[in-house]
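[1] Sequence below, structure please.
(chains A, B and C)
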Amino acid sequence: MSAVGDIPATPRRRRLGIRNAAPGGEPPAPAGPGGVAPSTSRARRRLVGRWVPYVLSSPSLLVLAAVIGFPLIFCLVISFQEFGPYQLVTGGPTHWVGFHNYQSLFTGQFVPVLVRTLLFLVGTVGMTLIIGLGMALLMRRAHTWARVTLTVVLVAVWAVPQITASQVFIWIFDPSYGIANWVLSALHLGSYASLSHEQWYNFPVSVLALAGTIVVWGAVPFVAITLFAGLLQIPEDLYEAARVDGAGFVSQLRTITLPLLMPILLLLGVLSTIWDFNAFNQIYVLQQVGGISTETTTFGVWAYNVAFVGGSYGVGGAVTLLGVALLLVVTGAAVRMMVRGATS
Amino acid sequence: MSGAAGPGRVTPDAGGPAVAATPEAAARVRRRRHGSAAATLVLVVLAAIWFFPIYYMLIDAFKPGYDLLTYPPQLWPAHWTLSNFQEAFTVNGAGPTVPQPSFLSSLFISVMVSLIVVVFSVGISLFAALATARFNFRGRSVMLVALLVAYMVPFTSLLIPIFIELNKFGMIGTVPALIIAYVAPVLPFTVWTLRGFVASVPVDIEEAALTDGCSRLSAFRKVIFPLIAPGLVATAIFAFILAWNDFAFANIILGNSGSIFGGQAETATVWLVGLINPSRVTPWGELFAASLIFTLPVMLFFLTFQRRIAAGLTAGAVKG
Amino acid sequence: MATVEYRHATCTYPGMGSPAVASLDLAVDDGELMVLVGPSGSGKSTALRMLAGLEMVTSGEILIGGRVVTGAPPKARDIAMVFQSYALYPHLTVRDNLAFPLKQKRVPRQERDQLVEEAARMLEIEEMLDRRPRQLSGGQRQRVAMGRAIVRRPQVFLMDEPLSNLDAKLRVQTRAEIAALQRRLGVTTVYVTHDQVEAMTLGQRVAVLRDGVLQQCDTPRRLYEHPCNVFVAGFVGSPAMNLDRVPFDGTAVRVGDQSVPVPGQAAAAARRAGLTEVVLGLRPDALVVAGDAGADGTPHLSGVVQLVEDTGSDAWVHVEIPSRVPLRVVCRADSRRLPTPGDAVPLAVRAAEAHLFDPAGGERLGG
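    This is a model prediction of the structure:
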């Protein structure tokens, strides 16, 4: 015999019309006595004219098309043209050169720049995330006053413009009067005694390491603050349950903290990658001081130098597009997830 | 992404978006006043390391020149002076070979350009944010993807084509050209971030206003707008800083040929970079005095609004 | 004060096959408290939101006080709504929350203050007037939401699960207060809930919806005693009615090895339909664990106790009746003489209270 009268489940409705948001701040609705949860995915319907959203978004879309869409297409066009100072100044005729610009890149600096950029990215993004996560975890365990102190410091650091940060670090690592050399020689780590002249700006590795340090110094605050906010969202009872189950610090980190922070970590990873890929100011300013540029150039600086120093705008356009493509490859999977999250 | 992605989550009762976790979570952290001593020690050391460059800039701005060029360096100024600030404002950069525009006019250019960019971008993106957060329409997801891609396009990648385009119109070296160029990175950011803030206002509240006798427009004005106002301020500050901190565009598009008060002008970043010139000794004291003036207002804004700024940066990306 | 009427009101979301609310016909009397109840996805909230003007009516009409308001915006309907999340304005104090709808109506300041004070007194939230919503407990927020609805004396109150965010005890208490308040103000009220106990205790009439279709609209007593189909029978009442498909021989149904005569009207209807099987519905109240078998001549079933639920005032026993396919039923038991699991017990059937339903469509057989 079959029981009848049971309630068939209606398929969850898609959210439509006015977008719904999670009613944060309110306690979650308890399931009713019948075990039927109150419907939370109420469908919404537009109550104004169909044209309203288009009118609202059109100014932004038009401006974006003009200042981003069009330039990107234009960039694609000139990457297949010979476009130098002559064309720039006179507006004179441009020649189609096919893939010549790209070819010249691949036979030229492409591979060294690519390797350098990737290493720089791995180093800066990795260090930023590791230090940021470490700070966030420590903030959760430290005394309140220490946490507040660090937060204030981090926010202050976050607000320091990259140009200013670069200049301060240049001064700190000044070969003659820099405090870094003084500390290193005091600790007998440097190779010289007094007035040590560790020439940080003359070696590609130390220039890039210094640029990376400036980048990480400036990028850690946002990451640490965001991760700490994320940590606070993890319910304490999960940790209590884990402790009851006998989990130590490491296994709590592995089984609770990291999985629950993963969406934020992913987002921070993508944002950091985009920002560090664009690290221009730090490297550019260091190159001005040290005078070596070929061996310290990453993608962002390369396009700039090729176009505005070398005057080959077409080739610069090709570098730019390769850079965008590279960035999309590096962040592709993560970005797909972000897009899904935003459009679902 | 899941709702567990915390910083995006917003408690409407907190008077607007904030990084703040739930009150319970905050209370839990508060309850654990007896933090670990080891963690505290490490944190203090890290805070000291991170603060050091700011501290060094701060004290060096007040050291007279002869105290700057000493070895070993002074960790506490032996003499205090305000002359660096005086020089920054009066000596016009004091380049021996290239005469520079004055720091004051550079600051003015930076403030003006950044303000115009922010007002324009926030103004038009508020509407787009409303459309994408509160309406469902054909093409909405395409629009969101386009926005995200625009947000992700490297700032410097746009430099070359924008430069050439502006050059076609004969605008290179003018302030309006720089304003147009800055809209490119700022606008996707403001739309994306404001969208997150608008989406965080529960639809119920808007509907309550409608049943309480508001029209769609007055519901926006009286209920949604006050609730997103703090987010709006945070977005505006960050957008301001995107323009304020830029060097690459300012150097290429405006250079030092902007015109203000009849003389040459450039942005503050270009002015600051111009102080480090291989052909002469860098006037570090003057540089740090100017840097301090350049940095402090931003720092104060950040200290006031940091929670909302952090929320805004992640909000757009983690909220549906 | 006003009547509310749905006339063939339909709401179909774009891209969805079946309507969320299908051709709803429902009339609410002036001053009546009508409860819309149903499981999630039944369209009860959509129906309420159509009345509020928050949801577009695809076809049909909605009338408030005899006036067609189908296309009118919410503000033109003179209604007040209490939301499940309360939807208090977080940036306003309680006082300003209460005054908000009055400000929209441009009520002069003095009168406004007076009305706010009055509403606050009625709901005993006077001391909280200068606080913000986030400083209030859930129960207090609920009161403020109620206050915001009553302060402007609308023609109709709309309440969308106003109690579901409260804990169980507070919910019962507030339920009684809402009922008293509604009676005192005499304002027509449409109340949505998924909780059938809330619906039965609160509603003067209750409309049961399922998949966007109105099943039955009646007084709670009628719903309980004369459910119009299997769905309503199973949805109304706690514990739920025992509903089982059993053989029917023209006058009686066969349960286990016993023959149970059924009420004449129902039997006649089943005979007319030529059914050999029917769905038998027995409330747990109509199926009592008896002390001794066959004493008073009522038909008796026998079964084995599976589970005993003693709530103190009532005791419910889950009994398995051996049959080709064993039947599991819930019965009432005397809480002073509770059986234990594994006991074989006799069950007295109050056959006059049996309900019969058509196994094909689930429709009620007989009156």
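[2] CA only for contacts and neighbour counts going forward, please
    Will do.
[3] Which strands and helices lie in contact with the helix or strand where A:P53 lies?
    Assigned by DSSP states H and E, A:P53 falls within helix A:52-64. Secondary-structure packing of helix A:52-64 (3 or more Cα pairs under 8 Å, 6 or more residues apart in numbering or on different chains; DSSP states H and E): helix B:103-134, helix B:175-199.
[4] angle of the helix or strand just after that helix against helix A:52-64?
    Where DSSP H and E defines the elements, the next helix or strand beyond helix A:52-64 is helix A:70-78. If you take axes from the mean of the first three to the mean of the last three Cα atoms, to 10 degrees, helix A:70-78 sits at 50 degrees to helix A:52-64.
[5] what does helix A:70-78 rub up against?
    With contact meaning Cα atoms under 8 Å, 6 or more residues apart in numbering or on different chains, helix A:70-78 is reached by A:Y313, A:G314, A:G317, A:A318, A:T320, A:L321, B:L158, B:I160, B:P161, B:I162, B:E165.
[6] ok, now with 7 Å
    Contacts to helix A:70-78, defined as Cα atoms under 7 Å, 6 or more residues apart in numbering or on different chains, come from residues A:G314, A:G317, B:L158, B:P161, B:I162.
[7] Check pLDDT for those and point me to the minimum.
    By pLDDT, B:L158 ranks lowest within those, coming in at 85.
[8] burial measure for that one, as a count.
    B:L158 has 24 neighbours, counted by other Cα atoms under 10 Å in any protein chain shown.
[9] can you check C:P326 too?
    C:P326: 14 neighbours (other Cα under 10 Å).
[10] okay but it is in contact with C:V304, surely?
    No. Using Cα atoms under 7 Å, C:P326 is not in contact with C:V304; the gap is 10.6 Å.
[11] show me what contacts B:V270?
    Contacts of B:V270 by Cα under 7 Å, 6+ apart are B:F247, B:A250, B:N251.
[12] Considering the residues you listed, which is situated nearest to chain C?
    Minimum distance to chain C across these is 39.7 Å, recorded for B:F247 (Cα to the nearest Cα).
[13] and the residue of chain C nearest chain B?
    Closest point on chain C to chain B, by Cα to the nearest Cα, is C:K75, at 4.0 Å.
[14] and the gap between the nearest residue to that residue once chain neighbours are set aside and C:G147?
    Computed as Cα to Cα, 6 or more residues apart in numbering or on different chains, the closest residue to C:K75 that is not its neighbour in sequence is B:G213, at 4.0 Å. Applying Cα to Cα, to the nearest Å, the value for B:G213 to C:G147 is 15 Å.
[15] before we move on, the earlier item: spell out which residues are contacts of both of C:P326 and C:V304.
    With Cα under 7 Å, 6+ apart as the test, C:P326 and C:V304 both reach C:E320.
[16] Get me the contact residues on the stretch 51-200 of chain A for chain B.
    Contact residues (Cα under 7 Å from any Cα of the partner chain) of the stretch 51-200 of chain A with chain B: A:53, A:56-57, A:59-60, A:64, A:67-68, A:71-72, A:74-75, A:88, A:138, A:141-144, A:146, A:150, A:153, A:155-156, A:159-164, A:168, A:177, A:179, A:182, A:195.
[17] How is chain A divided into domains?
    A:81-109+A:301-344, A:116-296 (automatic domain parsing).
[18] pLDDT (mean, whole number) over the longest one?
    Taken as a whole, domain A:116-296 has a mean pLDDT of 86.
[19] Start and end of that domain, how far apart?
    Distance across domain A:116-296, first residue to last, is 8 Å (Cα to Cα).
[20] which residues of the stretch 151-300 of chain A fall in helices?
    All helices of the stretch 151-300 of chain A, identified by DSSP state H, counting those that start in this stretch, fall at A:162-172, A:179-186, A:204-232, A:236-244, A:249-252, A:258-277, A:281-290, A:299-304.
[21] would you turn the ones you listed into JSON lines with distance to chain C and mean neighbour count?
    Converted to JSON lines, the helices of the stretch 151-300 of chain A look like this (distance: least, Cα to the nearest Cα, whole Å; neighbours: other Cα atoms under 10 Å in any protein chain shown):
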{"stretch": "helix A:162-172", "distance to chain C": "37", "mean neighbour count": "23"}
{"stretch": "helix A:179-186", "distance to chain C": "51", "mean neighbour count": "20"}
{"stretch": "helix A:204-232", "distance to chain C": "19", "mean neighbour count": "23"}
{"stretch": "helix A:236-244", "distance to chain C": "21", "mean neighbour count": "13"}
{"stretch": "helix A:249-252", "distance to chain C": "33", "mean neighbour count": "13"}
{"stretch": "helix A:258-277", "distance to chain C": "27", "mean neighbour count": "20"}
{"stretch": "helix A:281-290", "distance to chain C": "41", "mean neighbour count": "21"}
{"stretch": "helix A:299-304", "distance to chain C": "45", "mean neighbour count": "26"}
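[22] of all those, which lies closest to C:G71?
    Ranking the helices of the stretch 151-300 of chain A by distance to C:G71, with Cα to Cα as the measure, places helix A:258-277 first at 43.3 Å.
[23] Show me what that closest one is packed up against.
    The contact analysis (3 or more Cα pairs under 7 Å, 6 or more residues apart in numbering or on different chains; DSSP states H and E) places helix A:258-277 against helix A:110-141, helix A:313-343.
[24] burial count for the nearest residue to C:D285 once chain neighbours are set aside?
    Nearest-residue entry for C:D285: C:R332, 5.6 Å, with adjacent residues in sequence omitted and distances by Cα to Cα, 6+ apart. Using other Cα under 10 Å, C:R332 is surrounded by 22 other residues.
[25] Give the next helix or strand downstream of the one helix or strand C:R332 maps to.
    Using DSSP H and E, C:R332 falls within strand C:327-333. Following strand C:327-333 in sequence order, the next helix or strand is strand C:344-349 (DSSP H and E).
[26] and the angle from that next one to strand C:327-333?
    Using the same axes, to 10 degrees: strand C:344-349 against strand C:327-333 is 80 degrees.
[27] so what strands line up beside strand C:344-349?
    strand C:287-289 (antiparallel), strand C:300-310 (antiparallel) (DSSP bridges).
[28] Minimum distance to A:Y304: which of those strands has it?
    Among the strands paired with strand C:344-349, the nearest to A:Y304 by Cα to Cα is strand C:300-310 (78.5 Å).
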